[in-house]
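Colleague: below is the structure, and that's it, no one-letter string:
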């Protein structure tokens, strides 16, 4: 087995969540910043919360509302007049 190929392991690595929670874990990185943790993730909290970092949910809801409210009939097809000789 090769020597000195494994990264240094930190037993007291600090994790900072965007919700404000700070906790310690074991990791190869000494400090980490995360967006979601077990204190604020909807699966663990049971709250109906949508996590949307890119605005995808709002974009979808906007498209859905437009389609539901304005159910338009398709425009009639234009018939080309035949050339007369």
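Modeller: Structure received. Model, not experiment: these values are computed from the prediction.
Colleague: where exactly do the helices run in the protein?
Modeller: 42-45, 56-69 (DSSP state H).
Colleague: what average pLDDT does the first one get?
Modeller: This points to helix 42-45. Summarised as a single mean, pLDDT over helix 42-45 is 74.
Colleague: now do the buried residues in it.
Modeller: Buried residues in helix 42-45, counted by 16 or more other Cβ atoms under 10 Å: none are found. All C-beta atoms are positioned from the backbone trio N, CA, C, and that covers glycine.
Colleague: centre of the chain to that helix, how far?
Modeller: Taking Cα atoms, centre = their mean, to the nearest Å, one finds helix 42-45 lying 15 Å from the centre of the chain it belongs to.
Colleague: what do you get for stretch 9-22?
Modeller: Using Cα atoms, centre = their mean, the mean C-alpha position of stretch 9-22 is found 21 Å from that of the whole chain.
Colleague: kindly reformat the helices of the chain as TSV containing distance to residue 36.
Modeller: Formatted as TSV, these follow (distance: least, Cβ to Cβ, whole Å):
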stretch	distance to residue 36
helix 42-45	9
helix 56-69	15
